[in-house]
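1. the sequence and its predicted three-dimensional model are supplied below.
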Amino acid sequence: MTAATTRAAANLELLLSDFSLEMTGKDVEELDAARPAIPAGTRINVTFLGNEDLTMRRTAARMVRAAGFRPVPHVSARRLESRAALEAFLSALRVDDAAEQIFAVGGDPGTPHGPYADALSVIESGVLEEYGVRQVSIAGYPEGHPGIPDDVLWPALEAKHAALTGRGLAGEIITQFGFDVDPVLDWIERVRDRGIEMPVRVGVPGPAGVRRLLRFAARFGVGTSTSIARKYGLSITNLMGTAGPDRLLHALAADYHPERHGEVKLHFYTFGGLRATTEWITEFRRNT
Ligand SMILES: NC(=O)C1=CN([C@@H]2O[C@H](COP(=O)(O)OP(=O)(O)OC[C@H]3O[C@@H](n4cnc5c(N)ncnc54)[C@H](O)[C@@H]3O)[C@@H](O)[C@H]2O)C=CC1
Ligand SMILES: Nc1nc(=O)c2c([nH]1)NC[C@@H]1CN(c3ccc(C(=O)N[C@@H](CCC(=O)O)C(=O)O)cc3)CN21
């Protein structure tokens, strides 16, 4: 064991401690099957998508709490029809002890459905504190966003950080998933250069079929060039295969320097494979 491999192994253990997962309202049945492989208290984000309704989102958050994990419901600003809709959602979450931590995100609609055009306006509404929210996760894009320029994203990130700090709300950043660790670590250094010290949860694709991964990457504007695909282990020629984030995690562990990158954790996007992802993490930890 060289010093570098010892450091990388220690980093991997550090990165994998306190990982978080993501599920959609449709993954509720799978939560039970995945439960034995998920450490108690794990944060599980619950998406806020166009094909879900309040009941699905609330049920998913309640089931996460009931299963002994920490729900992190998404609040998609642009999908909220009104302030009353935000209050109704948070009120329901509070009843289910699922309002303590939320992920405030802009939302994919090109035109806001109501009064909130961005995550900042939800944070500044004051509604979050009214319903017991104590920690707010916000989004980050190491590779940029297909529809939003960097000179909009950076000021927005700084404004959200300032708003959370000003309101005494704890914060963390959850990044968009990606297949290449280099832009992620570069981006984290730029976040730290801006004096933003909150934890960064690096978005990691869970194990899934290559075709499915490429479909989600295309849907969410995530880079999958041939070189990135090869580095990750996505063999474009074998679309029937599956790929997991092993190489990505080993590369992250090798190049992560806490003194430069600050607190970094992992957020696994499960893409409908909650159980497959949790079992993969268990196996990966056993073999490293
Ligand atoms: N896990 C998830 O659900 C994730 C969702 N996203 C999506 O990325 C986008 C940006 O989210 P945040 O970083 O929270 O941005 P934000 O809410 O902090 O907004 C940043 C800036 O981008 C603009 N913006 C936000 N959403 C937009 C959209 N859909 N179209 C055009 N401009 C938009 C805002 O007006 C603001 O000026 C959203 O569409 C969000 O849904 C990104 C990462 C993960
Ligand atoms: N810009 C952006 N918008 C998002 O909504 C988004 C991101 N980025 N980044 C990644 C996460 C993960 N997202 C999702 C969205 C849907 C499923 C999903 O599993 N949906 C259905 C059908 C999927 C399909 O089209 O096959 C499912 O039950 O599998 C999973 C993760 C949403 N997220």
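-> The structure has been received and is ready for your questions. Numbers count the residues shown, from 1 in each chain. Ligands and ions are numbered 1, 2, ... in the order given.

2. which residues in the protein form strands?
-> Using DSSP state E, the strands of the chain run over residues 20-23, 43-46, 70-76, 101-105, 135-140, 170-175, 200-205, 208-209, 242-243, 264-269.

3. so does the fourth one get close to ligand 2?
-> Read it as strand 101-105. No: for a cut-off given as C-beta under 6 Å from any ligand atom, strand 101-105 has no contacts with ligand 2; the smallest distance is 7.8 Å. For glycine as for every other residue, the C-beta is placed from the backbone atoms N, C-alpha and C.

4. CA atoms of that strand as CSV?
-> The C-alpha trace of strand 101-105 is given here as CSV (Å, rounded to 0.1, in the frame of the first residue of the first chain):
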residue,chain,number,x,y,z
GLN,A,101,-34.7,19.4,5.5
ILE,A,102,-35.7,20.2,1.9
PHE,A,103,-34.0,20.5,-1.5
ALA,A,104,-35.0,23.9,-3.0
VAL,A,105,-34.6,23.8,-6.8
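
5. and it, what does it pack against?
-> Using 3 or more C-beta pairs under 8 Å, 6 or more residues apart in numbering; DSSP states H and E, the elements in contact with strand 101-105 are strand 70-76, helix 119-123, strand 135-140.

6. now do the second one
-> Contact analysis of strand 43-46 by 3+ C-beta pairs under 8 Å, 6+ apart lists strand 20-23, helix 54-66, strand 70-76 as its packing neighbours.

7. recalculate using a threshold of 10 Å.
-> strand 20-23, helix 28-34, helix 54-66, strand 70-76, strand 101-105, strand 135-140, strand 170-175, strand 264-269 (3 or more C-beta pairs under 10 Å, 6 or more residues apart in numbering; DSSP states H and E).

8. would you pull up the residue in the chain closest to ligand 1?
-> Going by C-beta to the nearest ligand atom, ligand 1 is nearest to G106 of the chain, at 2.7 Å.

9. who touches the residue nearest the centre of the chain in this structure?
-> The centre of the chain sits closest to I174, judged by C-alpha atoms, centre = their mean, with a distance of 4.3 Å. Listed by C-beta atoms under 10 Å, 6 or more residues apart in numbering, the contact set of I174 reads 20, 22, 43, 45, 72, 74, 103, 105, 137-140, 199-203, 265, 267, 269.
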